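[1] Curious how this folds, go ahead:
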Amino acid sequence: MPFPDNTFDAVLSSWALHNIYDRPGRETAVKEIIRVLKPGGRVVIIDIRHTQEYEEVMRQAQMDSLRLSRPNFLFIIPSRTLIATKPGV
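    Now for the predicted structure:
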């Protein structure tokens with residue numbers, strides 16, 4: 001992403017990252033989300049696939065308050081929500 005490190009207080013990705021078809025590409029996307037978050041910033045990722053993969057990348061980055069929801073069927077396709085906070089505040 002063309003943004004400096006520590007730019008945003010929050011990042012939301014909603015039903016998007018699963019459209020990156022290769023695992024290394026999805027991992028890069030999650031790492032970029034973490035990079036552009038300010039310390040203490042929050043990320044919310046809602047997706048229909050690969051949420052456990054995103055969670056693992058965030059664990060490796062030592063994100064705080066990591067929570068992965070159970071599947072939600074609100075929009076027919078089961079979705080899960082991953083929420084985390086960037087450490088450092």
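[2] what's around the residue nearest to Lys31 when sequence neighbours are not counted, how many residues?
    Nearest residue to Lys31 in three dimensions, chain neighbours excluded: Val57, at 6.5 Å (CB to CB, 6 or more residues apart in numbering). All C-beta spots, glycine's among them, are computed from the backbone N, C-alpha and C. Here the number of neighbours of Val57 (other CB atoms under 10 Å) works out to 17.
[3] which residues sit in contact with Val57?
    Each residue near Val57 by CB atoms under 8 Å, 6 or more residues apart in numbering is listed here: Glu27, Val30, Lys31, Ile34.
[4] how would you label Glu53: helix, strand or coil?
    helix (DSSP: H, G, I helix; E, B strand; the rest coil).
[5] Run through who's touching the longest strand along the chain.
    When the chain is scanned for its longest strand (criterion: DSSP state E), the result is strand 37-47. For strand 37-47, contacts defined as CB under 8 Å, 6+ apart pick out 6-18, 30, 33-34, 51, 54, 58, 63, 79-89.
[6] can you list the weak-confidence ranges in this protein?
    By pLDDT under 70, the low-scoring segments of the chain are 89.
[7] Tell me which stretches of it form strands.
    8-14, 37-47, 64-68, 80-85.
[8] Relative to the whole chain's centre, how far out is the second one?
    Going back to what we said before, that points to strand 37-47. 6 Å (CA atoms, centre = their mean, to the nearest Å).
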